[in-house]
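Participant: sequence first, then the predicted structure, then my questions.
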Amino acid sequence: MAELDLSKKVADRYLKREVLGEGTYGVVYKAIDTETGQTVAIKKIRLGKQKEGVNFTALREIKLLKELKSPHIIELIDAFPHKGNLHLVFEFMETDLEAVIRDRNIFLSPGDIKSFLQMTLKGLAFCHKKWVLHRDMKPNNLLIGSNGQLKLADFGLARIFGSPDRRFTHQVFARWYRAPELLFGTKQYGSGVDVWAAACIFAELLLRRPFLQGSSDIDQLGKIFAALGTPSPSQWPDMVYLPDYVEYQYVPAPPLRSLFPVASDDALDLLSKMFTYDPKVRISAQQALEHRYFTSAPLPTDPDKLPRPAPKREPKASDFDSHEGPTVLSPPRKSRRVMPGRDGFEGNSLQRDKVEDNVGNSRQSAGDNTGKNDPAPMSLDFSVFGLKPPNRPTINSADRSHLKRKLDLEFQQPE
Ligand SMILES: Nc1ncnc2c1ncn2[C@@H]1O[C@H](COP(=O)(O)OP(=O)(O)OP(=O)(O)O)[C@@H](O)[C@H]1O
């Protein structure tokens, strides 16, 4: 009872405003922190449907998230349970890179592209230095503040809250950004998976459309190989030992220049290093930041001079939370996600197909090109690179308040 009162007080600190959208784990609200006057975004994660509730690892990982502070990482300001949901309070961001790329009224200069990529790589290099993987990099997870600063966000949370019977499958769109070693089922992935995703985002900034839009894991690999050439075992010796490795028909790499006609030589050189097949040879985020692309003209645009998408419309009263059934304010941003593959590459030249399984995820909107063979999404990976995450002991409600105190998750009454 005391615990309930406490959590209500903390929840009262935030004045909920309109719904910003809905992601894999639940609804995101705009809110005002009545203590500081700061606008925040609150991600409400349903715990009620999870039989195991919040487990110890989840709380520990949330605590770690709170400590991950950098100018290019979205700040987790607070975390508290309320009415059977866990609320994660983040700094509020105005827009995201997906909206920028999609906005046809925006012209992206080479300096603008350089600036967006540089901020992305700075965020990644920071995480990687702390032995943390993002693992769910995609343009809508790169949020942009009112000052133009880009920050890595939406650490997926499946790593923390993942459950085999989860109902949401937004995850499939992350496939377009997934590294080949993940698609071949590696268990020992490292920071290279984020660099590959950043390369896909770099390519998307140059092309203004997703670069490699696979409709299944097999198709994704086909698209990668058609664009970048089928890797030979000498190019990537460990490839043939990967759990889901299948031999693909050899396709030679077309010149990268033919795919990116207007990119500079420096941009293409960096892109090719980020798209290196062998993750052991792939350039790191830090090395990428030191590439001459970032020091050659044109220099990266100052963040506050970067182009912004048109602001979202003002909320109406009906958009505000009335406990259940919130109205999503920004449906157009999801439209790209159900778009059939556009002028992608046709070269799916696999020799045999992989049996697709794991049909358990049931919430699929019509038109989703949902792959059914995806592993559970894991985004922010706190484990040391290459190690399997430990089993997660669960805790019951009696343990919970003790653990909350122990982990200092700010469940205490505000001053
Ligand atoms: N810190 C934030 N500031 C402002 N808006 C945010 C913030 N975090 C999320 N949003 C918005 O809330 C909506 C839902 O975001 P969420 O991260 O839950 O899912 P998503 O990124 O749309 O999808 P997925 O869960 O598949 O990554 C999106 O419109 C997103 O732009």
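Facilitator: Arrived safely, thanks for sending.
Participant: quick one: buried residues of stretch 292-306?
Facilitator: Residues of stretch 292-306 classed as buried by neighbour count (16 or more other CB atoms under 10 Å): 293-294, 300-301, 303, 306. For the C-beta atoms, the positions are set from N, CA and C on the backbone; glycine is no exception.
Participant: and for it, what's in contact with it?
Facilitator: With CB atoms under 8 Å, 6 or more residues apart in numbering as the test, stretch 292-306 has contacts from 100, 109-112, 114-116, 118-119, 144, 147-150, 264, 266-267, 269-270.
Participant: and those residues, which of them are in helices?
Facilitator: Using DSSP state H, 100, 110-112, 114-116, 118-119, 266-267, 269-270 are the members of those that sit in helices.
Participant: indicate the residue of the chain located nearest to the ligand.
Facilitator: G23 (2.0 Å; CB to the nearest ligand atom).
Participant: my read is that that residue contacts K43, right?
Facilitator: Yes - using CB atoms under 8 Å, G23 is in contact with K43, at 7.4 Å.
Participant: OK, contacts around the residue lying closest to G145 once chain neighbours are set aside?
Facilitator: Spatially, and ignoring its direct neighbours in sequence, G145 is nearest to M93 (5.2 Å; CB to CB, 6 or more residues apart in numbering). By CB under 8 Å, 6+ apart, the contact set of M93 is 41, 74, 143-145, 151, 153.
Participant: nearest to A285, of those?
Facilitator: Within those, distances to A285 taken as CB to CB reach their minimum at K151, with 14.9 Å.
Participant: that closest one and G145 touch, don't they?
Facilitator: Yes - with contacts counted by CB under 8 Å, K151 reaches G145, the gap being 6.8 Å.
Participant: tell me, what's touching those two both at once?
Facilitator: Shared contacts of K151 and G145, defined by CB under 8 Å, 6+ apart, comprise 91, 93.
Participant: more neighbours: the two, which one.
Facilitator: K151 (23 against 17; other CB atoms under 10 Å).
Participant: which ones are touching that one?
Facilitator: 71-74, 91, 93, 119, 123, 142-145 are the contacts of K151 under CB under 8 Å, 6+ apart.
Participant: which of the residues you listed sits closest to Q220?
Facilitator: Of all those, Q220 sits closest to L142, with 20.5 Å by CB to CB.
Participant: export the ones in helices among the contacts of stretch 292-306 to CSV and tack on neighbour count?
Facilitator: Shown next, in CSV, are the ones in helices among the contacts of stretch 292-306 (neighbours: other CB atoms under 10 Å):
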residue, neighbour count
V100, 22
P110, 20
G111, 16
D112, 21
K114, 24
S115, 23
F116, 26
Q118, 20
M119, 23
D266, 17
A267, 23
D269, 15
L270, 25
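Participant: what number of residues lie near the nearest residue to N140 once chain neighbours are set aside?
Facilitator: Of all residues not flanking N140 in the chain, E98 sits nearest, at 4.0 Å (CB to CB, 6+ apart). Applying other CB under 10 Å, we find 23 residues neighbouring E98.
Participant: which of the ones in helices among the contacts of stretch 292-306 are close to the ligand?
Facilitator: When contact is defined as CB under 6 Å from any ligand atom, the ones in helices among the contacts of stretch 292-306 do not meet the ligand at all.
Participant: now for these, which pair is the farthest apart?
Facilitator: Maximum distance among these (CB to CB): 24.3 Å, for V100 and D269.
Participant: wasn't F80 part of a helix?
Facilitator: No - with DSSP: H, G, I helix; E, B strand; the rest coil as the criterion, F80 is located in strand rather than a helix.
Participant: ok, it touching A11?
Facilitator: Yes - using CB under 8 Å, F80 makes contact with A11 at a distance of 6.4 Å.
Participant: which of these two has more neighbours?
Facilitator: Regarding F80 and A11, a neighbour count based on other CB under 10 Å identifies F80 as having more, with 22 against 16.
Participant: roughly how far apart are that one and G26?
Facilitator: For F80, the distance to G26 equals 14 Å [CB to CB, to the nearest Å].
Participant: repeat that for T276.
Facilitator: 37 Å.
Participant: ditto for A79
Facilitator: Note on A79: its distance to G26, by CB to CB, is 14 Å.
Participant: hey, where'd the helices end up in the stretch 1-150 of the chain?
Facilitator: Here the stretch 1-150 of the chain has its helices, by DSSP state H, counting those that start in this stretch, at 2-12, 56-67, 97-102, 110-129.
Participant: could you dump these into JSON lines with distance to K30 added?
Facilitator: Shown next, in JSON lines, are those (distance: least, CB to CB, whole Å):
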{"stretch": "helix 2-12", "distance to K30": "15"}
{"stretch": "helix 56-67", "distance to K30": "20"}
{"stretch": "helix 97-102", "distance to K30": "16"}
{"stretch": "helix 110-129", "distance to K30": "23"}
